[in-house]
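Asks: Just to be clear, the model below is a prediction. Sequence and coordinates:
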Amino acid sequence: MTLKQRIIRQIGLTGPVSVADYMAMCLFDPEAGYYTTREPFGREGDFITAPEVSQMFGELAGVWCVNAWQAMGSPAAFILCEMGPGRGTLMQDVLRTASKLAPDFIAAAQIRMIEISLRLAQIQKETLAASGLDIQWHAQFGDLPSGPLVLLANELFDAIPVRQYVKSGGRFVDRIVTVDDGGNLAFAAGSGSIDTALLPAGHSTAPDGSIVEIAPARSALMQDIAERLHRERGAALLFDYGHLHQGFGDTLQALRSHKPVDVLDTPGEADLTSHVDFAMLARAARSEGCTANAMTQGDFLIAMGLLDRAGALGSGKPAAFQEQIRADVERLAGPDQMGTLFKVLCVADSATHLFPFESI
């Protein structure tokens, strides 16, 4: 029985499910979930993340990590952690860069990876084996040892399930997944409501059919991270695609073999995500006493020296190689590619001031 058949059967037995529960089943079902059974990353997978586009992304993240450690006073021991590390490419580039830039940083770092998928953890171990460093894996953020923390995450929050509310009959109610008369999965308006204080400005005049996305699980994780940073010092650099201000709209999407597909068509066989509300994450971080500032990925990478690094990589190389470097820069930072759609959130304890966010 396919995951889709099981979901249809479950709805028939117990009733419609929320969008958040549907996302969770599609992504994390033990037997057929997307992240538990598939290799999603890279050109042979369903999507390419920024670290897979070019080593420059991870190198500049590595420079930022060293700067963060120095901004904390270069503690003799600290935790360097990545959450949701994919294939380990980002950490591989960070460690290579930091080893050359600041050997003391590497000597002080306790390297930790947080990964819930045993299959992906094994791939990460293979990727990072050549580093020769002692790297430990954990299943949950709360499993990290104590101490100052420098945290990285790329495309982590977009896969955390989101709740949707649709305006129906003049009020916002749960958007649910049900089974239509033809036996197919379909969206519908439920009966559960939402506190209007959580809705964007203008909700009272929004037309019926308007959709709002609220992600309490994302806020809860952000609060856990910020509470830790505030208590033990540290900083987090979080990359994801999304928006800087809360608004209306359905951003739930499915991607399979680099192409969009229907969200309800092939549960478990496509990557299912929604845009991240960075304003919400920033509020959650500030509620725990941290600073939180965001900018576009393009602005961040340019500020960190992307163009200079691209020039150094391409210097003296064949024309075809230089053209590839230029294409990679455009892919990572161009306004019509990843540069504007993707944002970067920096969260830090109040005593740690970090470039290029310090003046925001």
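Replies: Received it, and whenever you're ready, just let me know what you need.
Asks: which residues in the stretch 201-350 of the chain form strands?
Replies: 211-214, 234-243, 253-256, 259-261, 271-273, 276-277, 291-296, 342-348 (DSSP state E, counting those that start in this stretch).
Asks: Please report how far the closest residue to residue 56 other than its chain neighbours lies from residue 61.
Replies: Nearest residue to residue 56 in three dimensions, chain neighbours excluded: residue 309, at 5.2 Å (C-beta to C-beta, 6 or more residues apart in numbering). Heads up, the C-betas are built off the backbone N, CA and C, glycines and all. Using C-beta to C-beta, to the nearest Å, residue 309 is found at 12 Å from residue 61.
Asks: These two: which is more packed in?
Replies: Shown here are residue 309 and residue 61; by other C-beta atoms under 10 Å, residue 61 has more neighbours (26 against 21).
Asks: Which strand or helix spans that one?
Replies: Taking DSSP states H and E as the definition, residue 61 sits inside helix 55-71.
Asks: which helices and strands sit right next to that helix?
Replies: Judged by 3 or more C-beta pairs under 8 Å, 6 or more residues apart in numbering; DSSP states H and E, the packing partners of helix 55-71 are helix 50-53, helix 89-101, helix 103-108, strand 149-154, strand 234-243, helix 297-303, helix 306-314, helix 319-333.
Asks: rerun that using 6 Å as the cut-off
Replies: helix 50-53, helix 89-101, strand 149-154 (3 or more C-beta pairs under 6 Å, 6 or more residues apart in numbering; DSSP states H and E).
Asks: Give the buried residues for the second one.
Replies: When burial is assessed from 16 or more other C-beta atoms under 10 Å, helix 89-101 yields the following buried residues: 89, 90, 91, 92, 93, 94, 95, 96, 97, 98.
Asks: Could you pull up the residues touching the fourth one?
Replies: Which is residue 92. By C-beta atoms under 6 Å, 6 or more residues apart in numbering, residue 92 lies in contact with 127, 128.
Asks: Next secondary structure element downstream of the helix holding residue 61?
Replies: strand 78-83.
Asks: Taking the buried residues of helix 89-101 together, which two end up most distant?
Replies: Greatest spatial distance among those (C-beta to C-beta): 89 and 98, at 15.0 Å.
Asks: So what sits opposite residue 187 in the bridge?
Replies: Residue 187 has the following beta-bridge partners by DSSP bridges: residue 177.
Asks: Would you quantify the distance from it to residue 9?
Replies: Taken as C-beta to C-beta, the span from residue 187 to residue 9 is 19 Å.
Asks: Same check on residue 264?
Replies: 15 Å.
Asks: In JSON lines: the helices and strands packed on helix 55-71, plus distance to residue 168.
Replies: Below are the helices and strands packed on helix 55-71 laid out as JSON lines (distance: least, C-beta to C-beta, whole Å):
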{"stretch": "helix 50-53", "distance to residue 168": "38"}
{"stretch": "helix 89-101", "distance to residue 168": "42"}
{"stretch": "strand 149-154", "distance to residue 168": "35"}
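Asks: For stretch 264-284, output the C-alpha coordinates as PDB.
Replies: Extracted in PDB, the C-alpha atoms of stretch 264-284 (Å, rounded to 0.1, in the frame of the first residue of the first chain):
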ATOM      1  CA  LEU A 264      -1.500  16.200  -3.100                       C
ATOM      2  CA  ASP A 265      -0.400  14.000  -6.100                       C
ATOM      3  CA  THR A 266       2.500  11.800  -4.800                       C
ATOM      4  CA  PRO A 267       2.900  11.900  -1.000                       C
ATOM      5  CA  GLY A 268       6.300  10.800   0.100                       C
ATOM      6  CA  GLU A 269       7.700  11.000  -3.500                       C
ATOM      7  CA  ALA A 270       8.300  14.700  -3.700                       C
ATOM      8  CA  ASP A 271       9.900  17.400  -1.500                       C
ATOM      9  CA  LEU A 272       7.200  19.300   0.300                       C
ATOM     10  CA  THR A 273       8.000  22.700   1.700                       C
ATOM     11  CA  SER A 274       6.600  26.200   2.400                       C
ATOM     12  CA  HIS A 275       8.200  29.600   2.600                       C
ATOM     13  CA  VAL A 276       9.700  30.700   5.900                       C
ATOM     14  CA  ASP A 277       8.300  33.700   7.700                       C
ATOM     15  CA  PHE A 278      11.500  35.300   8.900                       C
ATOM     16  CA  ALA A 279       9.700  38.000  10.800                       C
ATOM     17  CA  MET A 280       8.100  35.300  12.900                       C
ATOM     18  CA  LEU A 281      11.400  33.600  13.500                       C
ATOM     19  CA  ALA A 282      13.000  36.900  14.500                       C
ATOM     20  CA  ARG A 283      10.200  37.600  17.000                       C
ATOM     21  CA  ALA A 284      10.700  34.200  18.500                       C
END
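Asks: Excluding residues flanking it in the chain, which one is nearest residue 21?
Replies: Leaving aside its chain neighbours, residue 21 sits nearest to residue 161 (7.3 Å; criterion: C-beta to C-beta, 6+ apart).
Asks: what do you get for residue 22?
Replies: The spatial neighbour of residue 22 that comes closest, neighbours along the chain excluded (C-beta to C-beta, 6+ apart), is residue 177 at 4.5 Å.
Asks: do residue 90 as well
Replies: residue 51 (4.0 Å).
Asks: if I read this right, that neighbour contacts residue 59, doesn't it?
Replies: No: counting by C-beta atoms under 6 Å, residue 51 stays clear of residue 59, with 10.0 Å between them.
Asks: So between these two, which is more surrounded?
Replies: Set residue 51 next to residue 59 and count neighbours by other C-beta under 10 Å: residue 51 wins out with 27 against 23.
Asks: returning to that earlier point: of all the strands of the stretch 201-350 of the chain, which one is nearest residue 16?
Replies: strand 211-214 (16.4 Å).
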